[in-house]
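In: Predicted model and sequence follow; I will ask about them next.
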Amino acid sequence: MRFVLRILKALVLLIVLVVIGAGGWLFVQPPELLRVGDGYAAKIVCSNVFIAGREAEDVLHDDVQAPGNPLLRLVRVSVDRDNDRVTARFMGLFAPSYALYRSAFGCTSVPDGNFEAAANTVPFDAPARVEANDAVWPQGEGAGDQPDAQIATLLANARLAGPAMRAIVVVRNGRIVAETYGPGFSARTPLIGWSMTKTVNAAILGRLMLDGKISFDDDHLLAQWKNDARAGIKVSDLLGMESGLAFNEDYGEVADVTRMLYLDPDMVSLPANAPMEAAPGQRFRYSSGTAVLLSRIWMDRVGNPQAAFSYPHDALFSPLGMTSAVFELDARGTFAGSSYLYATAHDWARFGQFLLQDGVWNGQRLLPEGFVGAMRTPTAASNGSYTQGQAWLAPGGSNAKFGLPEDTFWLTGHDGQSMAIVPSANLVVIRLGLTPGWLGYQPQTLLKAILAALPPGEPQQQAGSQ
């Protein structure tokens, strides 16, 4: 009996030592996967609490834990409203990661914990925000005409709207004809666009192109590229995701994209230092890193740092009346052009209507002629699926497969964000939600149903009249 007790005591001691050792390892040198998970949780909670006004625990449970890696269910967050910070820790103890709210510039990941550097990166005199008015959309937030009952019925169909839909807005002939929102969300809730941000970032670059400060054919884009093959990368190569730069966009593991977003305070560093794996223009590789590089490039071309920080607001959001738009930056001051734009569904719809009108708003051309055309022109390297302007022609399949008009093009984003633009029908359809790809939802089914419900032969308002 004494022998058995000694064995049991030894086993208990061994277990205790293993637990202490594992805890020490997690505390001193946590795996990158845990750091990425905590970084993701801190950032998403921060943005939704401070920008969208949601409750931290709701965001943690619904946005972070429910659709993600099971390990995320062990993440705990704390919100320091006095210092505008969010901290996330695995099991409440390990791999701490942080996010900081910076007013008009939203939240940023602060993976190195250097809050002072992150706070001092952005200017204190941020662009002044303009309040929305009651004029009829898109000039204001007024509803205007009665909604289209048939389309409203379609939006109420859970199969068409998709799981965990948060907002759908349908714009026809320049007016909102139907809209619907998920529980807890409304027309006033800013929602993340994820990779739809890439197309907005491209349009910001297009605004600068209109001023002659950058062009599709510009090369020698970064100082660290001047003495090697990367000097030959053109703006058009980055816009078409065919730069030739290596980049791993696999979200199922710790990859380049998650390192860039959640482990590096300077998001530009990783893609800017990536090696070439192909000649520019020869290989399509979907890369959030290229969108961040485009942000850095257009910011540098603006010249004055203060002007660069205010440029998205001054050049695009303010003219379009996108009063809710919050474009976030990394901790070192580069706009996260790959992922982080928050805006209400009405403001996302304004951007879609702007593209439908070929970059013209209130009679003023804001994008060069042909720029929106690039968003509808496929690249050869992508086999016709991606375009020359950071947009998609057919997310997850061809438009023809679903019987959609040939001129349809798309903005899409992680977890089920989509914007369909159909010039021939004068139609924009925004669908936002929390719908992971593994659920198999395809927004083409919603768009097809809406198109089928449009009155045949109805006169259309001339695009560009807004």
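Out: Looks like it came in fine.
In: Ramachandran coordinates for residue 238?
Out: Dihedral pair for residue 238: phi -70, psi -40, per degrees, to the nearest 10.
In: For the residue lying closest to residue 145 once chain neighbours are set aside, name its beta-bridge partners.
Out: Excluding its sequence neighbours, the residue lying closest to residue 145 (Cβ to Cβ, 6 or more residues apart in numbering) is residue 175, at 6.4 Å. To be clear about C-beta, it is placed using only N, CA and C from the backbone, and glycine gets the same treatment. Bridge pairing for residue 175 (DSSP bridges) gives the partners residue 172.
In: I'd assumed residue 136 was in contact with residue 175.
Out: Yes - Residue 175 lies in contact with residue 136 (Cβ atoms under 8 Å); the separation is 7.5 Å.
In: show me what contacts the residue nearest to residue 145?
Out: 136, 137, 144, 145 (Cβ atoms under 8 Å, 6 or more residues apart in numbering).
In: Just the buried ones from the residues you listed, in PyMOL syntax?
Out: Here is the PyMOL selection string for the buried members of those, based on 16 or more other Cβ atoms under 10 Å:
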select buried, resi 137
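In: and which of the contacts of residue 175 is nearest residue 192?
Out: The closest of those to residue 192 turns out to be residue 137 (Cβ to Cβ; 21.2 Å).
In: Kindly list the main-chain dihedrals of the closest one?
Out: Dihedral angles of residue 137 (phi, psi; degrees, to the nearest 10) stand at phi -60, psi 140.
In: which residues sit in contact with it?
Out: Counted by Cβ under 8 Å, 6+ apart, residue 137 has contacts 143, 144, 175, 176, 346, 349.
In: before we move on, back to that, what do residue 175 and residue 136 both touch?
Out: Common neighbours of residue 175 and residue 136 (criterion: Cβ under 8 Å, 6+ apart): residue 144.
In: what's the burial count for the closest residue to residue 76 other than its chain neighbours?
Out: If the residues on either side of it in the chain are set aside, residue 76 comes closest to residue 92, at 3.9 Å by Cβ to Cβ, 6+ apart. Residue 92 has 12 neighbours, counted by other Cβ atoms under 10 Å.
In: So residue 92 versus residue 49, what's the distance?
Out: From residue 92 over to residue 49 the distance is 18 Å, taken as Cβ to Cβ, to the nearest Å.
In: What of residue 415?
Out: Residue 415 is 18 Å from residue 49, where distance means Cβ to Cβ.
In: And those two? Which one has more around it.
Out: A direct count of neighbours by other Cβ under 10 Å for residue 415 and residue 49 places residue 49 higher, at 23 against 17.
In: Contact partners for the spatially most central residue of the chain?
Out: The centroid of the chain falls nearest to residue 194 when counting by Cα atoms, centre = their mean (2.0 Å). Contact analysis of residue 194 by Cβ under 8 Å, 6+ apart lists 339, 413, 414, 415, 417.
In: Export the residues you listed as CSV, with columns for pLDDT, distance to residue 35 and secondary structure.
Out: Compiled in CSV, these are given as follows (pLDDT from 0 to 100; distance: Cβ to Cβ, whole Å; DSSP: H, G, I helix; E, B strand; the rest coil):
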residue, pLDDT, distance to residue 35, secondary structure
339, 97, 18, coil
413, 96, 24, strand
414, 95, 20, coil
415, 95, 21, coil
417, 97, 26, strand
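In: of those, closest to residue 447?
Out: Nearest to residue 447 among those, with distances taken as Cβ to Cβ, is residue 417, at 14.2 Å.
In: Number of residues surrounding that closest one?
Out: Applying other Cβ under 10 Å, I find that residue 417 has 25 neighbouring residues.
In: Kindly report the same for the one 4 residues further on.
Out: Residue 421 sits with 27 neighbouring residues when counted by other Cβ under 10 Å.
In: what are the bridge partners for the nearest residue to residue 376 once chain neighbours are set aside, then?
Out: Among residues not flanking residue 376 along the chain, residue 409 sits closest, at 4.9 Å (Cβ to Cβ, 6+ apart). Beta-bridge partners for residue 409, by DSSP bridges, are residue 421.
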